[in-house]
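Participant: Just to be clear, the model below is a prediction. Sequence and coordinates:
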Amino acid sequence: MRQATGMGERAANRGPAAGISPVQQMLASGTGALITSVLVTPLDVVKIRLQAQQTPLTRGKCFLYCNGLMDHLYDAFVKITRHEGARSLWSGLPPTLVMAVPATVIYFTCYDQLRDCLRYSLGLHGNHIPLIA
């Protein structure tokens with residue numbers, strides 16, 4: 001009797017999406033999108049603030065909070081939090097959630113369902129099935 005050794009063979013021996021229902025797939029992908037958005041939004045706010053600031057007219061660097069200029073990532077976090085409050089780091093969270101959560105839920109649920117349909121309903125096997133889906 002041959003034992004399954006490859007990752008593709010192990011995945012093929014499991015049932016559709018390892019027994020996860022479409023509702024569970026939706027909840028898992030929605031939760032992942034929510035957590036990712038909450039963690040990444042402050043970084044995005046700081047990135048946008050750093051890109052939008054104007055360079056100082058003197059010597060090219062500004063190490064003090066002059067005209068709102070920030071010189072590096074940590075400095076930007078500290079100055080934004082100090083002058084605008086910690087909540088301002090999540091100022092773009094609602095539109096991000098409106099875009100990211102539904103898109104992620106639809107994408108991952110449809111991908112898993114299509115992959116399982118190709119693999120189990122149509123009887124196609126191989127490592128190319130995820131690429132086709």
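Facilitator: Sure thing, it's come through.

Participant: Poorly predicted segments of this protein, please.
Facilitator: Residue ranges of the chain with pLDDT under 70: 1-18, 54-70, 133.

Participant: and the gap between residue 46 and residue 101?
Facilitator: 22 Å (C-beta to C-beta, to the nearest Å). Any C-beta I mention is one placed from the backbone N, CA and C, and that applies to glycine too.

Participant: Check residue 24 too.
Facilitator: Counting by C-beta to C-beta, the gap from residue 24 to residue 101 is 16 Å.

Participant: Check residue 84 too.
Facilitator: Taking C-beta to C-beta, one finds residue 84 at 26 Å from residue 101.

Participant: So these two - more neighbours on which side?
Facilitator: residue 101 (18 against 13; other C-beta atoms under 10 Å).

Participant: can you count the residues close to residue 125?
Facilitator: Burial of residue 125 is recorded as 13 neighbouring residues (other C-beta under 10 Å).

Participant: Next, it: secondary structure please.
Facilitator: Secondary structure assignment for residue 125 (DSSP: H, G, I helix; E, B strand; the rest coil): coil.
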